[in-house]
Structures are given as C-alpha cells and as structure tokens.
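>>> need coordinates for the below:
(one chain, ligands or ions: 1)
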Amino acid sequence: MAEFDYEKYRLRNFLNRLVQAGEVEVHNEHVELIDLAALIEATPKATWFKDVGPEHFEMTAGIMASRKRLAMAFGCSEAELQQEYMRRLATPQEVAEVSRVEAPVQQVVITGDDIDLAKLPFYLQHELDGATYLSAAMDFTVDPKSGKPNVGFRRLMLKGKRTMRANLTQISDLRRIYLEAVERKETLPVSFVVGAHPLVCLGAAIRLPVNEFELVAQLRGETMPMVKSVSNDIPVPADAELVIEGYFDERGYAEIEGPYGELYGLYGPMHPDPLFHVTAITMRKDVLHHTLLHGGQILTRNDAAHMSGLDAEVKAWNALKDAGLDVQAVHAPPSAVGMHHIRAAIRQKQAGDGRKAVEALLKRPLVKHVFVVDEDIDVFSDGEVERAMCTRFRVGKDLIVEHGHRTLTMDPTSDHGEQSVAGFDMTRDLSEPDDLIHWSSYSPRISGGKKAASVREALESGPKFFMGLMDALGDKDGRAIAVELGTLQDQGIVGRKPNGEWFLEGK
Ligand SMILES: Cc1cc2nc3c(=O)[nH]c(=O)nc-3n(C[C@H](O)[C@H](O)[C@H](O)COP(=O)(O)O)c2cc1C
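Prediction:
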C-alpha cells in the first residue's frame, strides 16, 4: 500500500501557513456561537477562533475567501492561479483506499447512542435563518445506479440529536441521485466532510460530469488517500477533520426547512428538503472545525464567491479562446457572487472582436452581465473598468441585451427561473481614426542622457512632443524648455502640428 503524507493537505497546516503570511485574525478570547458570523464578516482576513461556545471549539473561517488565499492553496501566485487551476484540471489523478487505523479523520469514532449532533458547532448565521446550521459541509456519495462518485457543498440545519435537514434545493447531481433513490424507494448513503484542505472544498464547489473524487485529487495534484466511512462505506478524504456519516431517508422532500441567508446577501424562501439520519461521527483527536460565511452583506468575504469566480473565469477564458479571440485577462468579481459578472480583456485583431467576445460570454450559464475591454484595461481594477465604460462604450451601439436565459431560482431578479442579460462592449472602435483624442495619457518618462545641445538642434531631426524635447536635452525639469519654445514660437522659428508636436519651420 502506498505511503501518504497526511500532514500535507491538513487544514491546520494550511491555516498555519496563512498565519505566517499575515492572512489570519486570531481570536484567543472566548467567543459565543451567536457572535461568530459578525466576527467573520468584520475582517477581510481569515479567522481562527481558539475558544468557541461552551464546548470550547477550535474553529476557522474564510480560508478561501480571497484570491491570495486560493493561490496559496495551489502553491502559486495570484497571477498564476487561473493557469494552475487549468493545468490541474487537465492532469488526471487517482484516489487510493487506505486502512481505517491509518486515517487521521477516524481517530475518534462516535456511534449509536453516543451520537449527539447538538455537540457540534451548528450556529445561527443570519438574523432570520430557520435554525442553527453547518455552513461548510461537503457531501461525498456514490451514485448507486451508475457507481459514479459525487461531491458537493450542502448546508445542514440541526433538527435532532441524530437528524438534520439538508438544503438540497439547487439543481445538482446529488439532487438527481437522491430523487432517483426515492423513486426506487431506497435510502441514499452520504458522508458529510466538515473541514479539509481548501482544494478539497474547491472540488466540492464545482460541478463537472466526471468522477468527482478523482476531480478533488486532480485539484490536490496527486493521488488522494480515501478511507471508507465506518458505518456506510462511503469513501472520504483520510486527512479531513470531521465526518458526519448517515443516509437520506426514502421519503423524499418531506421536511419544510429554511429560510437561509443566501449567497446574494438576501434570504431564500422556505422550501421542502430531505431528512438526513446520522449513523456515525468521526474526527481527528484535535479536530479543527471549519465554517464559512454564506451571504452576509460584504459578498467579497464569502468563500463560495471566490471559488465560483475562479471556475467561471477559467470557463470564460476557454469560451473566448474557442471563439477565436485573443484573450488577455478574465475576472469574475466576487461581489457579483463570482458566477454572474464576467470582465474580459482582449487584444482586438479586427473590428467586431469586442462584440464577438460579448456574444461568446453571454452563452455561459448563469452569466448576467459581461464587460469586454481592450488589453490596456486591468480587469481586476474597478476604476479602470469604469473608465473604459465611460470613455469607450456607446449605449446606442455597444449594448447587447438578450432574454430568456436561465438563472438560479433564488436569484432575486429571476422571472420564473429566467432572466434578461446584458453585454457591454467597452473596446475601442477600430473604425475610428487613431488620433490624439483616442490615445491614453500616461505619466511622462525620459530615458536620461543629453542627445542635443538646444531645442533647435533637437528639432533638426524632426517634430517632437514636449517630452521628446526634454528627453533629447536630458532635462528633467522642462520649464526652461517651455520658455525657450515660447520665444522661438514668437520669432516664427517653431510651429505646432495638429497633434501638439513641435517642429522647426521650413523643416
Ligand atoms: C459554500 C457553498 C455552499 C453551498 N450550499 C448549498 C446548499 O446548501 N444547497 C445546494 O443545493 N447547493 C449548495 N451549494 C452549491 C452546490 O454545492 C454546487 O452547485 C455543487 O457543485 C453541486 O455539486 P453536484 O452537482 O456534484 O451535486 C453550495 C456551494 C458552496 C460553494
């Protein structure tokens, strides 16, 4: 059996790396469960709580809620993040089964009457949530029909010592797998992992029609050790923190639950959901509980927005490439929950490329608004994107609106699951003249070194902008040149071209 390093992808070790990088706000003081959400949202950093609630839980939040922290999870820079993500998705990896004695996540095993969910840190995250819940639970299951492994994120509301309601509302593979089990009048075994390396979380957040255990291994970049759950045999990452094992019962969507504060910073409606019955809880001896902020009012502090954003960026990049465009940069801002807004910078090869890019991006599922700019605009800068909108976008010809696109049911702008979408072509119009009023005004720079003795001599070689004269004269001040030019102009020796360049009369 292969040897595995169970420390390498351990959540606690990743958190320690974040601390060293100055990315964590550490709370050594005692914190009540009711105060967690406000404290997590109050800082752009990740948080590490050393003493939560009467059980003195150790908890962490926000470990994926920034681009920098996601890049750290991959061990690359922010600039390399998209390429590294694509590289891992393109590199197959395997999973390997390891023994139960070896698996750190099964150091503690709780079964039978000892199971008490109310001893885990379920907490109220928003004022009007229906009950306390776990926000960072990842469901691992194997489709009984196809044998295909599946992973996703689902929030879990506490109902009893051994029961919880699972939010299984969105269209998803787990929802389909469960509905098919109900159809067959069968229960569905699932193990919820709470606390794992951020790359495991990223694998759970994305949806691809593949073996998703192997997908998680691909993101980790090597074979992933998995151990069979003690009570339902579902494999889970052996180096995770905590697992809640059990099954969804065969009654289907029989329990009304919610509301939940949702990813938009608003509430979702009450909805029917299935009931989950717990058969075992396993964990590390020094378990680190993982939680994350869902919604709230500062959406950039949501882990999900950053994870969905990275995935949306890469898919948008590929869509632009497939459309034959020269794509330079893509960003899906987390403040638009990561999946709804796409900004792309392209190098226009011909007139119409901006519009072509808009049309390609509007085809991406769940996209609401897309913004296409030229390569000189930084898509990660709100200010630069605003400037492109203000200076290169004409509503009469550069706005593309389409109707009847699908959106999430909980989207507050959804009209029976549909939405209208818009694309903003904010690229330069290549049919316009390439003249002064279309040029970007950058700060002046001179190379240094004197190449001419006087303004006249500098202009002998041809017309020059003022900065060109400063450069030729090695003059880092400019005022004397302005005065000299004024005199030469009054004497009829120098003149101006329409674009502002100075020239010697008769030259
Ligand atoms: C942090 C987080 C929490 C989520 N919570 C839920 C949830 O409570 N219910 C739900 O239906 N989807 C939720 N999702 C979305 C699904 O997990 C996501 O669509 C996933 O890709 C579905 O996986 P599947 O289609 O393989 O089952 C959440 C996503 C994230 C990132």
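
>>> find the closest residue to the ligand in the stretch 101-250 of the chain.
Gly152 (2.8 Å; Cβ to the nearest ligand atom). Glycine gets a C-beta too; all of them are placed from N, C-alpha and C.

>>> how is that residue assigned, secondary-structure-wise?
Assigned by DSSP: H, G, I helix; E, B strand; the rest coil, the conformation of Gly152 is strand.

>>> give me the beta-bridge partners of the closest residue to Asn211 other than its chain neighbours?
Excluding the flanking residues, the one nearest Asn211 by Cβ to Cβ, 6 or more residues apart in numbering is Pro149, at 5.3 Å. Judged by DSSP bridges, the bridge partners of Pro149 are Val142.

>>> do I have it right that Pro149 meets Asp173?
No. In this structure, Pro149 is not within contact of Asp173 by Cβ atoms under 8 Å, at 10.1 Å.

>>> who has more neighbours out of these two?
Pro149 (20 against 17; other Cβ atoms under 10 Å).

>>> mind listing what that one touches?
Phe140, Thr141, Val142, Asp143, Asn211, Glu212, Phe213, Glu214, Pro235 (Cβ atoms under 8 Å, 6 or more residues apart in numbering).

>>> and the biggest helix by length in the chain, how far out from the chain's middle?
Counting residues, the longest helix found in the chain (DSSP state H) is helix 303-322. From the chain centre to the centre of helix 303-322 is a distance of 8 Å (Cα atoms, centre = their mean, to the nearest Å).

>>> so which of the contacts of Pro149 is the most crowded?
Neighbour max across the contacts of Pro149 (other Cβ under 10 Å) = Phe140, 28 neighbours.

>>> which ones are touching it?
Counting by Cβ under 8 Å, 6+ apart, Phe140 makes contact with Pro149, Asn150, Val151, Val190, Ser191, Phe192, Val193, Phe213, Ile234, Pro235, Val236.

>>> now secondary structure and distance to Gly396 too, for those residues, in CSV please.
Below are the contacts of Phe140 laid out as CSV (DSSP: H, G, I helix; E, B strand; the rest coil; distance: Cβ to Cβ, whole Å):
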residue, secondary structure, distance to Gly396
Pro149, strand, 51
Asn150, strand, 48
Val151, strand, 47
Val190, strand, 53
Ser191, strand, 56
Phe192, strand, 52
Val193, strand, 52
Phe213, helix, 52
Ile234, coil, 57
Pro235, strand, 57
Val236, strand, 56
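
>>> helices and strands of this protein: which one bottoms out on pLDDT?
strand 255-257 (a mean of 94; mean pLDDT, DSSP states H and E).

>>> what sits up against that strand?
Residues outside strand 255-257 that contact it (Cβ under 8 Å, 6+ apart) are Gly130, Met157, Lys159, Arg165, Asn167, Met270, His271, Pro272, Asp273, Pro274, Leu275.

>>> wait, the fourth one touches Arg154, no?
Spelled out, that is Arg165. No. Counting by Cβ under 8 Å, Arg165 does not reach Arg154; the two are 10.1 Å apart.

>>> what's the domain layout of this protein?
According to automatic domain parsing, the chain comprises the domains 11-301, 303-435, 455-504.

>>> ok now the shortest one, how far from the chain's centre?
In this case it means domain 455-504. 51 Å.

>>> before we move on, what about stretch 395-403?
With Cα atoms, centre = their mean as the basis, stretch 395-403 stands 27 Å off its chain's centre.

>>> distance of the nearest residue to His340 once chain neighbours are set aside from the ligand?
By the measure of Cβ to Cβ, 6+ apart, the closest residue to His340 outside its immediate chain neighbours is Lys368, 4.3 Å from it. Distance check for Lys368 against the ligand: by Cβ to the nearest ligand atom, to the nearest Å, it reads 17 Å.

>>> and Lys368, what is it in contact with?
Lys368 neighbours (Cβ under 8 Å, 6+ apart): Ala336, His340, His341, Thr407, Thr413, Gln419, Val421, Ala422.

>>> change it to 7 Å
With contact set as Cβ atoms under 7 Å, 6 or more residues apart in numbering, Lys368 has these partners: His340, His341, Gln419, Val421.

>>> mind listing which of the residues you listed are in strands?
His341, Gln419, Val421 (DSSP state E).

>>> how about JSON lines for those, with pLDDT added?
Formatted as JSON lines, the ones in strands among the contacts of Lys368 follow (pLDDT from 0 to 100):
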{"residue": "His341", "pLDDT": "98"}
{"residue": "Gln419", "pLDDT": "96"}
{"residue": "Val421", "pLDDT": "98"}
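
>>> in space, not sequence, find me the middle residue of the protein.
Closest residue to the average C-alpha location of the chain: His306 at 2.1 Å, with Cα atoms, centre = their mean.

>>> gap between the residue lying closest to it once chain neighbours are set aside and Cys76?
Among residues not flanking His306 along the chain, Pro334 sits closest, at 5.2 Å (Cβ to Cβ, 6+ apart). Remark: distance between Pro334 and Cys76 (Cβ to Cβ, to the nearest Å) = 19 Å.

>>> and if you look at Val330?
For Val330 relative to Cys76 (Cβ to Cβ), the value is 17 Å.

>>> who has more neighbours, the two?
Between Val330 and Cys76, counted using other Cβ under 10 Å, Val330 has the larger neighbour count: 23 against 16.

>>> what residues does the stretch 51-200 of the chain put near the ligand?
By the rule Cβ under 6 Å from any ligand atom, the part of the stretch 51-200 of the chain lying against the ligand is Asn150, Gly152, Phe153, Arg154, Arg155, Asn167, Leu168, Thr169, Gln170, Ser172, Asp173, Leu174.

>>> cutoff 5 Å now
Asn150, Gly152, Phe153, Arg154, Arg155, Asn167, Thr169, Gln170, Ser172, Asp173, Leu174 (Cβ under 5 Å from any ligand atom).

>>> which among those residues end up buried?
Asn150, Gly152, Phe153, Arg154, Arg155, Asn167, Thr169, Ser172, Asp173, Leu174 (16 or more other Cβ atoms under 10 Å).

>>> do I have it right that the second one meets Thr141?
Pointing back at Gly152 there. No. Using Cβ atoms under 7 Å, Gly152 is not in contact with Thr141; the gap is 8.8 Å.

>>> shared neighbours, the two?
In contact with both Gly152 and Thr141: Leu174, using Cβ under 7 Å, 6+ apart.

>>> ok so, going back, could you dump the contacts of Phe140 into JSON lines and include distance to Trp317 and pLDDT?
Below are these laid out as JSON lines (distance: Cβ to Cβ, whole Å; pLDDT from 0 to 100):
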{"residue": "Pro149", "distance to Trp317": "27", "pLDDT": "98"}
{"residue": "Asn150", "distance to Trp317": "26", "pLDDT": "98"}
{"residue": "Val151", "distance to Trp317": "24", "pLDDT": "98"}
{"residue": "Val190", "distance to Trp317": "33", "pLDDT": "98"}
{"residue": "Ser191", "distance to Trp317": "34", "pLDDT": "99"}
{"residue": "Phe192", "distance to Trp317": "32", "pLDDT": "99"}
{"residue": "Val193", "distance to Trp317": "30", "pLDDT": "99"}
{"residue": "Phe213", "distance to Trp317": "26", "pLDDT": "98"}
{"residue": "Ile234", "distance to Trp317": "34", "pLDDT": "98"}
{"residue": "Pro235", "distance to Trp317": "32", "pLDDT": "98"}
{"residue": "Val236", "distance to Trp317": "32", "pLDDT": "98"}
